[in-house]
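Undergrad: Show me how the following folds:
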Amino acid sequence: MNETNEKQALLVMDVQPGVLSRVANPDEYLGKVKQAVEAAHRHHVQVIYVIVGFRPGFPEVSARNKSFGAIKESALAGMIEPRPVIDPVEGDLVVVKRRVSAFTGSDLEVVLRGREIRHLVLAGIATSGVVLSTTREAADKDFRLTILSDLCADADPQVHAVLIEKLFPRQAAVMTGADWEKTLGS
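TA: Residues are numbered from 1 along each chain as shown. Prediction:
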């Protein structure tokens, strides 16, 4: 294990019931995420599941919030379960967020500081949602970033491609999960 591995965390974001169903091929996607999680465990990289969750009745959601307000008022509210699809193992952490970014309304930053983690490896649903928002906020907080292109998914393939190919490389290393795994052994 190299020193970089000791200071990085794999963030598996919004991979939870109700959200996973938005992926074109959920079984294939989940298989790739599980491979990355297993690689992280083998190489002693902290795994953090970031999930979106609200209290009963959604008191955290304002009617002015276009995205979450629509979920609150729809049948989707019952579909979003605040738990990861992949069962955490001992040492994994689960962080509940209240907005799109993994940082907003959560204790993620406190956990990262406590573990002295400065390099975030991002995977999640959706590329144009949690991945984009977390990338922008993490970059502003001076984290080193890696985005796993094949472990990010979006309902709009064109938006996914533009973010992965054009926007994210300005703030992060962008690579596949398999390529990231290769870096862990070096």
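
Undergrad: the residue most distant from the middle of the chain, which is it?
TA: Relative to the centre of the chain, the most outlying C-alpha is that of Ala63, 25.4 Å out, by Cα atoms, centre = their mean.

Undergrad: what about the chain, any weak spots by pLDDT?
TA: Along the chain, the parts satisfying pLDDT under 70 run over 1-6, 54-55, 58-59, 61-62, 65-66, 68-81, 186.

Undergrad: which residue ranges form the strands in it?
TA: In the chain, the strands defined using DSSP state E lie at 8-13, 46-52, 93-97, 119-125, 144-153, 173-175.

Undergrad: ok, back up a step: now do the residue farthest from the centre of the chain against Ala39, distance only.
TA: Applying Cβ to Cβ, to the nearest Å, the value for Ala63 to Ala39 is 43 Å. Using the backbone N, CA and C atoms, a C-beta is placed for each residue, glycine as well.

Undergrad: Same check on Thr127?
TA: 21 Å.

Undergrad: residues contacting Asp179?
TA: Counting by Cβ atoms under 8 Å, 6 or more residues apart in numbering, Asp179 touches no other residue.

Undergrad: about what we covered before: turn the strands of the chain into CSV, including distance to Ser106 and mean neighbour count.
TA: Compiled in CSV, the strands of the chain are given as follows (distance: least, Cβ to Cβ, whole Å; neighbours: other Cβ atoms under 10 Å):
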stretch, distance to Ser106, mean neighbour count
strand 8-13, 11, 26
strand 46-52, 7, 24
strand 93-97, 4, 18
strand 119-125, 14, 25
strand 144-153, 18, 22
strand 173-175, 24, 18
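
Undergrad: Reformat these as a markdown table; add distance to Asp107.
TA: Shown next, in a markdown table, are the strands of the chain (distance: least, Cβ to Cβ, whole Å):
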| stretch | distance to Asp107 |
| --- | --- |
| strand 8-13 | 14 |
| strand 46-52 | 11 |
| strand 93-97 | 6 |
| strand 119-125 | 15 |
| strand 144-153 | 20 |
| strand 173-175 | 26 |
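
Undergrad: What is the burial count for Arg64?
TA: 7 (other Cβ atoms under 10 Å).

Undergrad: ugh, typo on my part, it should be Lys182
TA: The burial count for Lys182: 11, using other Cβ under 10 Å.

Undergrad: one step back: out of the strands of the chain, nearest to Leu108?
TA: With Cβ to Cβ, the closest approach to Leu108 among the strands of the chain belongs to strand 93-97: 4.9 Å.
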